[in-house]
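Visitor: Sequence and computational prediction follow.
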Amino acid sequence: MLFPTLTFGLFFLALYAVAWAVRASNEWRKILLLLASWVFYGAWDWRFVALLIGSAVLNWGIARLIERSAEPGTRRLLIWIGVAANLGILGFFKYFDFFVEQAGVLLAAAGWARDLPLLQIILPVGVSFFTFQGISYVVDVHRGRVRAAGLLDITLLMSFFPHLVAGPIVRASDLLPQFARVPRPDRGMISMALLLIVWGLFKKAVIASELSVGLVDPVFFDPSAHGRIDLIAAAYGYAVQIYCDFSAYSDMAIGIAALLGYRFPHNFNQPYRAASLQDFWRRWHISLSSWLRDYLYIPLGGSRGGALFACRNLLITMLLGGLWHGAKWTFLIWGGLHGLVLSLERLWRDGKPAHWPALPRPIAILLTFHIVTLGWIFFRADTVEQAQTYLSGLARAEALPLTVTPLAVALIGLGLAMHFTPRHMAQGIAMRVRGLPAPAVGLASGILILLIDAMRFEGVAPFIYYQF
């Protein structure tokens, strides 16, 4: 079930009405939200609702055992079991066939070619998100940051449909306290929620979808058939597409959760305004970057031990972050590129002479943006060979027919303009909207959604991060 569809709209309107009608009982309200979340997830494939439930029960049980155990050795064993079980779920569904294929390649290279069994495993939507959420929950219970929750709360935490399939990765410490009571959103929260939903719907349905269909997909499908101008335009187009696509999902998820009374953390903060790659990761997919920092980079040793150890930990973190996105070498290369540049930034920051001036901020932003855009080429390419063809084509000068259109150029410009719109402007609009009568706000929101629906192009492609 996709957010920007009539099916989801009807589903949410019905849920919204019933959820607030039963607000007298918080337990029944949570049960309703849980059942609705399973319906939302089961609309894709009912078989995997059992996986979602099993994952929640696993983490609930491990957390309860950790909290009840006073023996440090037992607690360490339990946390290792909990993390390993979550990674086992993720590894089986996402990486089993990939590693079997690579084992076959290595055996063939050694002269021991074998037909190894491939299971053709279906990847459950959102498995990377809910397994990472499970890991952070059991680790936080082990660290004493949160108390072990009841079965209903932890199951709802991991199944709550706004963030279930593509984030943000909402931590237990953010959401469990909110589940403890019936929410009471104010008019400002509702106004901002509606604004985020409309804003996200426009970014997804109009900008991201059209850039995908009209420019990015055709050029990346066969880079050798396109000239330099198309390749450059498609690289910029994908940088805008993935931002508009993923930030749109986050905006809509935050807005939908807010309409139900729950606050999610922001997941984007104008990432292309970053003046370094470190700054970029403080602004892009904030819930994932902070997760990698807290549950991988710091446990590896973080910055302790000097610059070289910090660089090693950065490389490991970003390589695994790349692998988290998918079982392809292109994702590993993308993660490795980010890890390498982050390491070079760290070495430069620690080793450059103190009297050397810093790069002017506009130049640093432009340089960072193009490093990120170069990485997006590997991220978007289906194979390493396709990425190599794409990069080599940037140096070609053949006179090939152009795919890029004035509309695509305009959408790239509009997407960047929306990206650079200060957040306080949206907050200011929400503050003005909150003073209007509720029927007027609802009517205006409905009209804007209908206008966006009229402007959007045929069909709605799945969100990019559904595949992760």
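Guide: Nice, thanks for sending it over.
Visitor: What does the residue of the chain positioned farthest from its centre show for phi and psi?
Guide: Most distant from the centre of the chain: Gly111, at 41.0 Å, with distances by C-alpha atoms, centre = their mean. Dihedral angles of Gly111 (phi, psi; degrees, to the nearest 10) stand at phi 80, psi 10.
Visitor: neighbours around the closest residue to Ala364 other than its chain neighbours, how many?
Guide: Nearest residue to Ala364, sequence neighbours excluded (C-beta to C-beta, 6 or more residues apart in numbering): Ala275, at 3.9 Å. Yep, even glycine has a C-beta here, placed from its N, CA and C like the rest. For Ala275, the count of nearby residues is 19 (other C-beta atoms under 10 Å).
Visitor: so how far is Ala17 from Tyr249?
Guide: Tyr249 is 24 Å from Ala17, where distance means C-beta to C-beta, to the nearest Å.
Visitor: Contacts only, for the residue farthest from the centre of the chain.
Guide: Counting by C-beta atoms under 8 Å, 6 or more residues apart in numbering, Gly111 touches no other residue.
Visitor: Okay, it and Val105: tell me how far apart.
Guide: As judged by C-beta to C-beta, Gly111 and Val105 stand 12 Å apart.
Visitor: Ok, Phe420 next?
Guide: Phe420 is 44 Å from Val105, by C-beta to C-beta.
Visitor: just Ile254 next, same as before
Guide: Distance, Ile254 to Val105, by C-beta to C-beta: 42 Å.
Visitor: Of those two, which one has the most company?
Guide: Neighbour comparison, Ile254 and Val105: the larger count goes to Ile254, with 25 against 10 (by other C-beta under 10 Å).
Visitor: Low-confidence regions, the stretch 51-200 of the chain specifically.
Guide: Scanning the stretch 51-200 of the chain for pLDDT under 70 picks out 113-114, 116, 118-119.
Visitor: now the helices for it?
Guide: Assigned by DSSP state H, counting those that start in this stretch, the helices in the stretch 51-200 of the chain fall at 72-109, 127-143, 151-159, 161-164, 172-179, 187-202.
Visitor: Which among those helices is found nearest to Glu210?
Guide: Nearest to Glu210, of all those, is helix 187-202, at 11.4 Å by C-beta to C-beta.
Visitor: how far is the first helix or strand past that closest one going along the chain from where the chain is centred?
Guide: Reading on from helix 187-202 to the C-terminus, the next helix or strand found by DSSP states H and E is helix 209-211. Distance of helix 209-211 from the chain centroid (C-alpha atoms, centre = their mean, to the nearest Å) equals 19 Å.
Visitor: State the mean pLDDT of helix 209-211.
Guide: What helix 209-211 shows for mean pLDDT is 92.
Visitor: again with stretch 410-418
Guide: For stretch 410-418, mean pLDDT is 95.
Visitor: neighbouring contacts of it?
Guide: Under C-beta under 8 Å, 6+ apart, the answer for stretch 410-418 is 199, 203, 206-208, 210-211, 233, 236-237, 240-241, 243-244, 272.
Visitor: which of those lies closest to Asp350?
Guide: When the contacts of stretch 410-418 are ranked by distance to Asp350 (C-beta to C-beta), Tyr272 comes first, at 26.1 Å.
Visitor: if I look at the closest residue to Val127 other than its chain neighbours, how far off is Phe246?
Guide: Once flanking residues are discounted, Val127 sits nearest to Phe93: 5.5 Å by C-beta to C-beta, 6+ apart. As judged by C-beta to C-beta, Phe93 and Phe246 stand 22 Å apart.
Visitor: List the contacts of the residue nearest to Val127.
Guide: Counting by C-beta under 8 Å, 6+ apart, Phe93 touches 121-124, 127.
Visitor: Could I get the contacting residues of the nearest residue to Ala395 once chain neighbours are set aside?
Guide: Excluding the flanking residues, the one nearest Ala395 by C-beta to C-beta, 6+ apart is Arg228, at 7.5 Å. Neighbour list for Arg228: 393-397 [criterion: C-beta under 8 Å, 6+ apart].
Visitor: Quickly name whichever of those residues is closest to Arg184.
Guide: Lowest distance from Arg184 to the contacts of Arg228 (C-beta to C-beta) belongs to Leu394, with 54.5 Å.
Visitor: Give me the phi and psi for the closest one.
Guide: Per degrees, to the nearest 10, the backbone of Leu394 is at phi -60, psi -20.
Visitor: got the contact list for the residue nearest to it when sequence neighbours are not counted?
Guide: Leaving out its chain neighbours, the residue that sits closest to Leu394 by C-beta to C-beta, 6+ apart is Leu231, at 5.4 Å. Contacts here follow C-beta under 8 Å, 6+ apart; on that basis Leu231 touches 219, 223, 390, 393-394.
Visitor: which of these has the most neighbours?
Guide: Taking other C-beta under 10 Å as the neighbour criterion, Val219 ranks highest of these with 24 neighbours.
Visitor: coming back round to it: buried ones among the contacts of Phe93?
Guide: 123-124, 127 (16 or more other C-beta atoms under 10 Å).
Visitor: ok, back up a step: next, check the contacts of Arg228 against the strands and list the overlap.
Guide: Among the contacts of Arg228, no member falls in strands (DSSP state E).
Visitor: and the least confident of these?
Guide: Within the contacts of Arg228, Ala397 has the lowest pLDDT, namely 69.
Visitor: follow-up on the earlier one: in what helix or strand does the residue nearest to Leu394 lie?
Guide: Using DSSP H and E, the element containing Leu231 is helix 228-259.
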